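Student: fold the following and give me the result.
(2 chains)
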Amino acid sequence: MSLIEQLNSILNELQGVWTETALMLGAIVTLLVGLIKRLDKLVIVVYLLSIVVSIALNYNNTLSGSILSGSLALSSLSSSFGFIFLIIGGLLPLFGRAKQHRTEFFFFILAMLVGSLFIMKANNLLIIYLAIELVSFCSYILTNFTFKEKSFEAGIKYLLFGAICSATMLFGLGMIYGATGTIQIRGWNEVLFSGLFAQVGFVLFLVGIFFKISLAPAHLWVPATYQEAPADAAAFMSIVPKLAALVLLQRLFNTEIFSDDHWVLRLVFALGMLTIIAGTLGAFKQRNARRMIGFGAIAHSGFLLPFALLQTTTSSDAFWYYSLIYGIMNFAAFFMLDRYEKTGIYEVADYNKSHKETWIGVVFSLILVSLVGLPPLAGFTAKFFLFSTLWESGLMMYLVVALLATVGSLFFYFRIPKSIFLSAPVDDRSINFNFSTKILATLFCIVLLLLFFVPQMVMEAQQLLNNVHE
Amino acid sequence: MQNILTYIFILPLIVALMMLFIPAERWGIFRRLSLATVGIQLVLAVLLMINFDSSLIPENWEGAFQFVEKVDWISMSFGSMGSISIQYFIGVDGISLPLVVLSSFVLLIGVISSWNIQEKAKGYHILYLILSSSIVGCFIALDFFLFYLCFEFMLLPMFFLIGIWGGKRRSYASIKFFLYTLLGSLFILVVMIALYLSVMDGEVHTFSMVKMLDGAYASNTVLDPGSPQLIFGYSARVLAFLFLIIGFGIKLPAVPVHTWLPDAHVEAPTPISVVLAGLLLKVGAYGLLRIAYGIFPDVAVEFSGLVAILGVISILYGGMNALAQRDLKRMVAYSSVSHMGFVLVGLASLTAVGFSGALFHMISHGLISPALFLIAGVIYDRTGNRAMENFSGLAEKMPVYTFFMAVCFFAGLGLPGLSGFVGELMVLIGAFGSDQFSMWIGILATLGIAISAAYFLWTIQRMFYGKYFVREAAWEQNMLDLNAREKLMLIPLALLIIALGVYPRWILDFSDETIRFFTQQFSLIQP
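Tutor: Residues are numbered from 1 along each chain as shown, chains lettered A, B, ... in the order given. This is a model prediction of the structure:
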């Protein structure tokens, strides 16, 4: 191949990273615009503009497979999940962030989006590492963005925990390289990973990914971080990096380096069950509402994990549905928590102060019902697909754990409606929600209801948005 | 007439939606709307009954249902399951028709009983209408997904109805109710998924219960009777049947998973107790009958001994507990546990008469238990207290009340001439005539009737006979006889209890052919 041809193919393959490029440029412009005092109203405009442009670029991308000499791998999965991330990012301004440090906040969110997109697409161990670190560093900083002592503490804990995980991961990467002699994932095969050395290296490498998915025992940072970080950052962190890491995991196991009953796979499934149990049991005794929902999000990581490990078509369809619904539900839940916190309600027990705001209470309850997974909300369909996938693949133990955890999750999620409606009411005149909150909350609820009654819309959306076909 | 079932099902939902837009201050309007809605529902149900062709002799389940409506609802391609197709598929046969009519009737009584609820009336009536829609939905659904949707969707309104308008420990009782039933329904969900993956309608997997009843299994699927697949070392069909027994057993409720019931009943407001005892327990029984026994007749034959033993334990243990209660409402709640045990025994007998008895007992208990809870509610409304030792000699002061109490109590203990007798008798005939289990089941069940006589008669003696006495002087002025509204509820109930006791064929004629066909399935399997 001549040099010109090579250059041309590289130029052609660059369209696979245009989305990220646009986001990075957007991040820089956001920062610059924010520097000029007179223009700081434009920050949100620039932010949204870069998201919209990235969505368009993501839509236009038709490349698939390995690009840029194997450093990235594009798939229909990474393309369609890109839409979830970008849309979640685009919805973040709904939280109504105050002026102070807004520029920096949106800069870091854009940087995290770039990192998350690269996590999904990276096909090279070093790029995986860099992308995960990019996301992590932004998360550490964003955790501290309320500038209170508590959130500083949470940020430091998060940083220390993350540093250990990342060091372990780097060590694992070294072992894999030592054993296989390649840092390209596309070069992997069963033979390279037949030795124990490579397998242990792989497990250590997984630690870093599990840290992002918040899989037990690497979930310990989650409750404090979700509780102390600003609500919009917590909403973003609980959805985007988690799903990105799951997509990466899906691709790693798609290489079929391990057979179905290999100990590595068994270990990961066991950790998934452990995550579900830890998240559910942990949530029982929590007093802080956000912390409780945070534990619920840990349990959801455990529910999402099988989709990344099972390589059936059912699993990949269910993965898409569950992830999208999880994104909507969790975003809505954090949005509601934020609104309640703005009126001074932080503890579950304090929700009885808001009993006069019946409509908001009903809507929040419905969102929580969806998180539990009861009909007629989309959360049920998601759980239904999960159970179907588990049943079809014969993972009976996992199914039993997931079923019992669903019952358990009802117990803790329903402490909030219980507090709003069932406990002795306390009158607090200062608590009221503005009209836009009610409208937004209702919209979230309608979307969740709608996607229960017409779930095919979710699947059609994937077909429609996706220009990447394998 | 064509879409009559849809109207019965949808009407309350539409009215509930309308209620959202009526300001909460005008609380009086909600009860009228509820009454009108449920009234229309009852009229439609009666029309349904009149137009039902009870002489239809089914050849397969496909032909057993009338007023069938079928519309595609969800159809999407999903992984290796091919395309998921969920239908809005409803219809009634001789088993579900009486239950639909019973539902609308009991729901009407419930609205009258909640006439005086002023506090948060808007929320109450919206939840009540959603509840009524989902109860009826359970009885008419022929698509398992739709059934499950309605089955689950009963929980939410019920949780709030008990939790907001209930008694002192309402929060505890409502969450206990919710957790128990959710656990049960998840068992059912697993079976639903397994059935879906096994049953085919032509080339596509289907949720259609009719296909499941007719056993349209694709070969070599998990639940295919010929399939050798094992799960945890057991045949999948056996596991599925046991899961259904657990799931619907919680709803029924059968001992030992009955403990949510007394708490829920005691804390629930009277109208909700009426609906809970009259209808929600019947949904559990209906699920057992239609799904566990209908779809898994081969396993049911194997396990009828177990089910019968569960039934007998429920009868005896529930009865003993009722005997020990000092709270009138709790006593009635335990008597429900005891009575639902008869349904289990009737089903386990696998005979036509036992099945008819179980169905008839469901209907009759659906009339008697609401009446009993209304009776308990009368005392509670007047004094705020239900402890039996606080009252005595009420017959002297409240003769009309005592009369209705006597009708309901005697119906409950199975006095000939009242509806309770017919159901119990048929179940016992079925049990003694069945070759599924030994005579002892029948003998012990009969003993249960003696226990029920003991607790009902003892209560009458303690509360209504003897010298007039109430514990606190302040209650004295409230001890008036029944008012017009209470009579309005108790008279129709009492009339129906007597009518069904005297002329049971009124119900049995509807279900005869369906049940005959149903029980044929078992004789086909047995050698």
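Student: OK, contacts around whatever residue of the stretch 51-200 of chain B ends up closest to chain A?
Tutor: Among all residues of the stretch 51-200 of chain B, residue B:79 sits closest to chain A, at 2.8 Å; criterion: Cβ to the nearest Cβ. The way it works is simple: take the backbone N, C-alpha and C, and place the C-beta from them, glycine included. Residues in contact with residue B:79 (Cβ atoms under 8 Å, 6 or more residues apart in numbering or on different chains) are A:312-318, A:389.
Student: and chain B, which of those residues reach it?
Tutor: A:312-318, A:389 (Cβ under 8 Å from any Cβ of the partner chain).
Student: I'd like the average pLDDT over the helix or strand containing residue A:197.
Tutor: Per DSSP states H and E: residue A:197 is located in helix A:196-213. If you average the pLDDT over helix A:196-213, you get 92.
Student: can you give me the helices in the stretch 351-500 of chain B?
Tutor: B:352-383, B:394-397, B:399-413, B:419-433, B:439-463, B:484-502 (DSSP state H, counting those that start in this stretch).
Student: returning to that earlier point: same list, the contacts of residue B:79, but as CSV with neighbour count, secondary structure and pLDDT please.
Tutor: Below are those laid out as CSV (neighbours: other Cβ atoms under 10 Å in any protein chain shown; DSSP: H, G, I helix; E, B strand; the rest coil; pLDDT from 0 to 100):
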residue, neighbour count, secondary structure, pLDDT
A:312, 15, coil, 85
A:313, 13, helix, 85
A:314, 20, helix, 86
A:315, 25, helix, 88
A:316, 20, helix, 87
A:317, 23, helix, 88
A:318, 28, helix, 91
A:389, 28, helix, 90
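Student: out of the ones next to chain B among the contacts of residue B:79, which comes closest to residue A:456?
Tutor: Of all the ones next to chain B among the contacts of residue B:79, residue A:456 sits closest to residue A:317, with 11.2 Å by Cβ to Cβ.
Student: mind listing what the residue of the stretch 151-300 of chain A found nearest chain B touches?
Tutor: Residue of the stretch 151-300 of chain A nearest chain B, by Cβ to the nearest Cβ: residue A:284 (12.4 Å). Residues counted as contacts of residue A:284 (Cβ under 8 Å, 6+ apart) are A:408, A:411-412.
Student: that one and residue A:433: what is the separation?
Tutor: As judged by Cβ to Cβ, to the nearest Å, residue A:284 and residue A:433 stand 28 Å apart.
Student: and residue B:311, by the same measure?
Tutor: 52 Å.
Student: which of the two has more neighbours?
Tutor: residue B:311 (30 against 18; other Cβ atoms under 10 Å in any protein chain shown).
Student: what's around the residue lying closest to residue A:152 once chain neighbours are set aside, how many residues?
Tutor: Closest residue in space to residue A:152, ignoring its immediate chain neighbours: residue A:144 at 5.5 Å, by Cβ to Cβ, 6 or more residues apart in numbering or on different chains. The local packing of residue A:144 (other Cβ under 10 Å) involves 21 other residues.
Student: just to check, residue A:144 is in contact with residue A:151?
Tutor: Yes: in terms of Cβ atoms under 8 Å, residue A:144 counts as a neighbour of residue A:151; the distance is 5.5 Å.
Student: which parts of the stretch 351-470 of chain A are helices?
Tutor: Going by DSSP H, counting those that start in this stretch, the stretch 351-470 of chain A shows helices at A:358-372, A:378-392, A:396-413, A:415-417, A:435-453, A:456-465.
Student: out of the ones you listed, which one sits most buried?
Tutor: Stretch with highest mean neighbour count among the helices of the stretch 351-470 of chain A: helix A:378-392 (a mean of 25; mean count of other Cβ atoms under 10 Å in any protein chain shown).
Student: and chain A, which residues reach chain B?
Tutor: Residues of chain A lying near chain B (Cβ under 8 Å from any Cβ): A:312-318, A:358, A:369, A:374-376, A:380, A:384-385, A:387-389, A:391-392, A:396, A:399, A:403, A:406-407, A:410-411, A:414, A:417-418, A:421-423, A:453-456, A:459.
Student: walk me through which strands the helix or strand bottoming out on mean pLDDT in chain A pairs with, and which way each runs.
Tutor: Within chain A, no helix or strand scores below strand A:65-67, which has a mean of 83 by mean pLDDT, DSSP states H and E. Using DSSP bridges, the strands paired with strand A:65-67 are strand A:72-74 (antiparallel).
Student: quick check, distance from the partner strand to the centre of its chain.
Tutor: 20 Å (Cα atoms, centre = their mean, to the nearest Å).
Student: which residues are in contact with it?
Tutor: Under Cβ under 8 Å, 6+ apart, the answer for strand A:72-74 is A:16-17, A:61, A:63-67, A:118, A:121-124, A:127, A:185-186, A:251, A:468.
Student: and what of stretch A:153-163?
Tutor: Contacts of stretch A:153-163 (Cβ under 8 Å, 6+ apart): A:136, A:139-141, A:143-144, A:211, A:218, A:220-221, A:224-225, A:227-229.
Student: from the residues you listed, which land in helices?
Tutor: Those of these mapping onto helices are A:136, A:139-141, A:143, A:211, A:224-225, A:227-228, per DSSP state H.
Student: centre-most residue in chain B?
Tutor: residue B:282 (1.3 Å; Cα atoms, centre = their mean).
Student: quick one, what contacts residue B:69?
Tutor: Per Cβ under 8 Å, 6+ apart, neighbours of residue B:69: B:2-3, B:5-6, B:88-91.
Student: circling back: do you know how far the residue of the stretch 151-300 of chain A closest to chain B is from residue A:413?
Tutor: From residue A:284 to residue A:413 the distance is 11 Å (Cβ to Cβ).
Student: ok, the contacts of residue B:79 vs chain B, which is closest?
Tutor: Closest to chain B, out of all of the contacts of residue B:79 and judged by Cβ to the nearest Cβ, is residue A:314, at 2.8 Å.
Student: I'd assumed residue B:84 was in contact with the closest one.
Tutor: No: counting by Cβ under 8 Å, residue A:314 does not reach residue B:84; the two are 10.3 Å apart.
Student: identify the contacts common to the two.
Tutor: residue B:78.
Student: I'd like the ones in helices among the contacts of stretch A:153-163 as a markdown table, with neighbour count appended.
Tutor: Below are the ones in helices among the contacts of stretch A:153-163 laid out as a markdown table (neighbours: other Cβ atoms under 10 Å in any protein chain shown):
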| residue | neighbour count |
| --- | --- |
| A:136 | 22 |
| A:139 | 26 |
| A:140 | 21 |
| A:141 | 18 |
| A:143 | 27 |
| A:211 | 25 |
| A:224 | 20 |
| A:225 | 27 |
| A:227 | 20 |
| A:228 | 25 |
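Student: I figured residue B:294 hits residue B:518, correct?
Tutor: Yes: counting by Cβ under 8 Å, residue B:518 is a contact partner of residue B:294 at 7.0 Å.
Student: so which of the two has more stuff around it?
Tutor: Neighbour comparison, residue B:294 and residue B:518: the larger count goes to residue B:518, with 27 against 19 (by other Cβ under 10 Å).
Student: contact partners for that one?
Tutor: Counting by Cβ under 8 Å, 6+ apart, residue B:518 has contacts B:95, B:293-294, B:355.
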